[in-house]
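Enquirer: Model the following, please.
(one chain, ligands or ions: 1)
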Amino acid sequence: MNPSTYFTVTDFDRVYYRENLEKRLPKEILDAHTHMNLPEHAAPIPQSRFDSDWALQSGSEMSVEDARGFAEALFPSVDYNFTAFPFPIKEADTDGNNENIASLIKTKKISYGLLTTRPWDKPEFIEEAIKAGGFIGIKPYPDYVSAYKGAEVSIPDFLPREHCALAERLNKCIVLHLPRSGRFADENNIKELKEIIARFPKIKIIIAHLGRCFNPCYFEKAVELMGEIIHHFWFDTAAVMNPRVLKMAMEILPEDRIQFGLDMPVLLFHGSRRWTETTYINVCREELPWNKHIEGKDAEAKYTFFFYEQINNILSVMEELKKNEGYKKGFFKNNAEKLFESCTDLII
Ligand SMILES: [Zn+2]
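Expert: Now for the predicted structure:
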């Protein structure tokens, strides 16, 4: 699905933006988590994958031009820039997709780009691709081992130790999407993360989606199990809307280690999120295949963009915690920029 087919900004959204976000947002944003790929890269993905994945159904392709268009429409008062990587789906054209990201880096259409790696890629192949493409890091993904979300896949299954060794040696970062149904709180995930840090102390790992902690219970448990070692990692907020999770993250994580990201082209719909203790349900206005319209048309008419509500929650938590302007600028841009700039030089 190309989200351009359903993306629209209404008058209600414009008023919401003006009243809730415009004055509270910084003037510059660097999105640390964007998937860009062209229709031809997504073309090999079989229909069966779309049938079982709400995220793919919401947005599976996005050119840089589309991304700019969405950002300008959503955040007209903001100079919005992108860190991009492919949509990491096993059946997609990952090589073509990586080449597209490399060309966007070269033409400076994105600020930074990451290379999607597959577990079977030889380190020499990755090293050459990183150097030729100007990538600041790698984006491995459990999908290259199992298409089932939350499958019992280990981190080394899709991020082999030699890929960690290479990233550390080349001074590049890794955006890591944690596997397993227990998310960040899974004891095996924690054990493997600790092993990685013990073995590669200079490695720069950004744990995506705050460790897939979309509910507070996972983040709470993960913080407890990780102990001090949590401070060795960076985190992005992509797709995290829950105010309690956001609050814990801002209270616990070092202030320069949280990065803002939206996870476009997913979540460009009007909608929100509801939570039970251990899971969440997305609600949405648009006629996406997964949408069961559980709250009815009247409630849906009052939804604004998922992203607007998410950012409103982020800003409200910052205000509640009395974070200053410097914190805000770091969160929305400078933290990611500082880390990514440190990955632009090759240390061999
Ligand atoms: Zn993502």
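
Enquirer: The closest residue to Pro216 other than its chain neighbours: how many residues sit nearby?
Expert: Excluding the flanking residues, the one nearest Pro216 by Cβ to Cβ, 6 or more residues apart in numbering is Arg244, at 4.3 Å. In this view, the C-beta of every residue, glycine as well, is placed from N, C-alpha and C. Neighbours of Arg244 under the rule other Cβ atoms under 10 Å: 15.

Enquirer: Let me see the confidence value for Arg244.
Expert: On the pLDDT scale, Arg244 is placed at 97.

Enquirer: So which residues of the stretch 1-150 of the chain form strands?
Expert: Counting by DSSP state E, counting those that start in this stretch, the stretch 1-150 of the chain has strands at residues 28-35, 79-85, 112-115, 137-138.

Enquirer: remind me which residues of this structure are low pLDDT?
Expert: 346-348 (pLDDT under 70).

Enquirer: In CSV, list the C-alpha atoms belonging to stretch 24-38.
Expert: The C-alpha coordinates for stretch 24-38 follow below in CSV (Å, rounded to 0.1, in the frame of the first residue of the first chain):
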residue,chain,number,x,y,z
ARG,A,24,5.6,23.5,21.2
LEU,A,25,7.6,21.8,18.4
PRO,A,26,11.2,22.8,17.7
LYS,A,27,11.9,24.4,14.4
GLU,A,28,14.1,21.5,13.2
ILE,A,29,13.5,17.8,13.4
LEU,A,30,15.7,14.9,12.3
ASP,A,31,13.6,11.7,12.0
ALA,A,32,15.8,8.8,13.1
HIS,A,33,13.6,6.0,11.8
THR,A,34,12.1,6.2,8.3
HIS,A,35,11.6,3.4,5.8
MET,A,36,12.0,4.4,2.1
ASN,A,37,11.5,2.1,-0.7
LEU,A,38,10.1,2.3,-4.2
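
Enquirer: can you pull the buried residues of that stretch?
Expert: Residues of stretch 24-38 classed as buried by neighbour count (16 or more other Cβ atoms under 10 Å): Leu25, Pro26, Ile29, Leu30, Asp31, Ala32, His33, Thr34, His35, Met36, Asn37, Leu38.

Enquirer: Run the chain-centre distance for that stretch.
Expert: The chain centroid and the centroid of stretch 24-38 are separated by 10 Å, computed with Cα atoms, centre = their mean, to the nearest Å.

Enquirer: again, but for stretch 162-173
Expert: Distance, centroid of stretch 162-173 to centroid of chain: 20 Å (Cα atoms, centre = their mean).

Enquirer: And for that stretch, what's in contact with it?
Expert: For stretch 162-173, contacts defined as Cβ atoms under 8 Å, 6 or more residues apart in numbering pick out 114, 117, 119, 121, 123, 126-127, 130, 135-138, 140, 174, 196, 199-200, 202-206, 234, 339-340, 342-343, 345-348.

Enquirer: still on that earlier bit, a strand runs through the residue nearest to Pro216, doesn't it?
Expert: No: according to DSSP: H, G, I helix; E, B strand; the rest coil, Arg244 belongs to no strand; its state is helix.

Enquirer: so it makes contact with Cys217?
Expert: No: shown here, Arg244 and Cys217 do not form a contact pair, counting by Cβ atoms under 8 Å, at 9.6 Å.

Enquirer: thinking again about what came up before, compare the strands of the stretch 1-150 of the chain and give me the one nearest Glu192.
Expert: Nearest to Glu192 among those is strand 137-138 (16.8 Å), distances taken as Cβ to Cβ.

Enquirer: Need the strands of the stretch 1-150 of the chain in JSON lines (columns: distance to Glu61).
Expert: JSON lines is the format used below for the strands of the stretch 1-150 of the chain (distance: least, Cβ to Cβ, whole Å):
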{"stretch": "strand 28-35", "distance to Glu61": "9"}
{"stretch": "strand 79-85", "distance to Glu61": "13"}
{"stretch": "strand 112-115", "distance to Glu61": "17"}
{"stretch": "strand 137-138", "distance to Glu61": "22"}
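
Enquirer: Walking through the stretch 101-250 of the chain, point out its helices one by one.
Expert: For the stretch 101-250 of the chain, the helices defined by DSSP state H, counting those that start in this stretch cover 123-133, 155-158, 161-170, 187-199, 209-212, 216-226, 243-252.

Enquirer: which one of those helices is the most hemmed in?
Expert: Comparing the helices of the stretch 101-250 of the chain by mean neighbour count (mean count of other Cβ atoms under 10 Å), helix 209-212 comes out on top with a mean of 26.

Enquirer: so how far is that helix from its chain's centroid?
Expert: That offset, for helix 209-212, works out to 8 Å (Cα atoms, centre = their mean).

Enquirer: tell me what it is packed against?
Expert: Under the contact definition 3 or more Cβ pairs under 8 Å, 6 or more residues apart in numbering; DSSP states H and E, helix 209-212 sits against helix 216-226, strand 234-236.

Enquirer: Return the list of strands paired to the shortest one, each annotated with direction.
Expert: With DSSP bridges as the criterion, the sheet partners recorded for strand 234-236 are strand 204-207 (parallel), strand 258-259 (parallel).

Enquirer: Quick check: Ile230 vs Cys284, distance?
Expert: Separation of Ile230 from Cys284 (Cβ to Cβ, to the nearest Å): 33 Å.

Enquirer: before we move on, what about Pro216?
Expert: Distance check for Pro216 against Cys284: by Cβ to Cβ, it reads 23 Å.
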